[in-house]
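J.: Have a look; sequence and predicted model below, questions after that.
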Amino acid sequence: MTTVQMTTVPRGTLVAYRDDGVLSRAMGALVAGQLPPLPPVLAGTFVTAVLLLVGVAGADGLAVFAPAVALLLAGPGSSHPHDGRLDWLVPPILRLTEYGFAAAVGFAHGVPYWLIFLLLGAMAFHHYDVVYRLRQRVYPPSWLATAGFGWDGRMLLIALGGLAGQVTLLFALLSLYLWGLFGWESVTCWLAASDPEGPEGPEGFGGSRGSGTDAGGPAGTG
């Protein structure tokens, strides 16, 4: 029988949609939730967009790291509860910027189109899966964002591929890894959640109705 550790959905689920990696979460811990998330995300995205427009994605030196480093301005906001009126904008802005950076680096370095879409597909699959499971009160395990590198880790890895001149190889390895990780975790999670005899009991999809029923805001209601 497949078993998986379920985590109860907290009141604020927008933070889970961010998909922060180790670096971003560490930066958030330094400010202890005191920094509103939207302003730094907008600032980082603006700088990243300008850098991509001037062609930094095609650079072979350290300059290719500049867009990823610029978006790290969003890191300190990761510990905020995201309960502001417009804080729901933060996750889609991060998604758009991450996907745009990955595509820009891939196209600039001649990565085959199908491989670029394969990598973007792995990211999109994971983010859609997180959105859907939160609607069913099945919170993603805390280790998943770490193992998947988070948006910050993936952007830095892609930049590293550009620095090493191995962007195509990096895209191939990262695509295989992310599809394997996210696909395996998603399948095992949903099998366990839908098993009436599984660890969550006959209620399924999150089992205990503790704080999960209190999930508020746009993310809680889906």
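T.: It's in. Residues are numbered from 1 along each chain as shown.

J.: Strands of this protein, residue ranges please.
T.: Counting by DSSP state E, no segments of the chain form strands.

J.: what number of residues lie near the closest residue to Gly77 other than its chain neighbours?
T.: If the residues on either side of it in the chain are set aside, Gly77 comes closest to Pro37, at 3.2 Å by CB to CB, 6 or more residues apart in numbering. Just so you know, the C-beta spots here come from the backbone N, C-alpha and C atoms, and that holds for glycine as well. Neighbourhood size, Pro37 [other CB atoms under 10 Å]: 30.

J.: hang on, Pro37 packs against Leu89?
T.: No. Pro37 lies out of contact with Leu89 (CB atoms under 8 Å); the separation is 9.2 Å.

J.: Number of residues surrounding Leu160?
T.: 15.

J.: nope, Thr168 is what I was after
T.: Residues lying near Thr168 (other CB under 10 Å) number 16.

J.: confidence score at it?
T.: pLDDT, Thr168: 97.

J.: can you check the one 10 residues further on too?
T.: Per-residue confidence (pLDDT) for Leu178: 98.

J.: That one: what's it in contact with?
T.: Going by CB atoms under 8 Å, 6 or more residues apart in numbering, Leu178 touches Leu119, Ala122, Met123, His126, Gly148.

J.: Nearest to Val54 among those residues?
T.: Leu119 (23.5 Å; CB to CB).

J.: re earlier: of the contacts of Leu178 - the most surrounded one?
T.: Of those, with other CB under 10 Å as the count, Leu119 tops at 25 neighbours.

J.: Please report how far that one lies from Tyr99.
T.: Distance, Leu119 to Tyr99, using CB to CB, to the nearest Å: 9 Å.

J.: With Thr45 instead?
T.: For Thr45, the distance to Tyr99 - CB to CB - is 12 Å.

J.: Looking at these two, which has the bigger crowd around it?
T.: More neighbours surround Thr45 than the other of Thr45 and Tyr99, with 21 against 16 (other CB under 10 Å).

J.: That one and Gly100 touch, don't they?
T.: No. With contact defined as CB under 8 Å, Thr45 does not count as touching Gly100 (9.3 Å).
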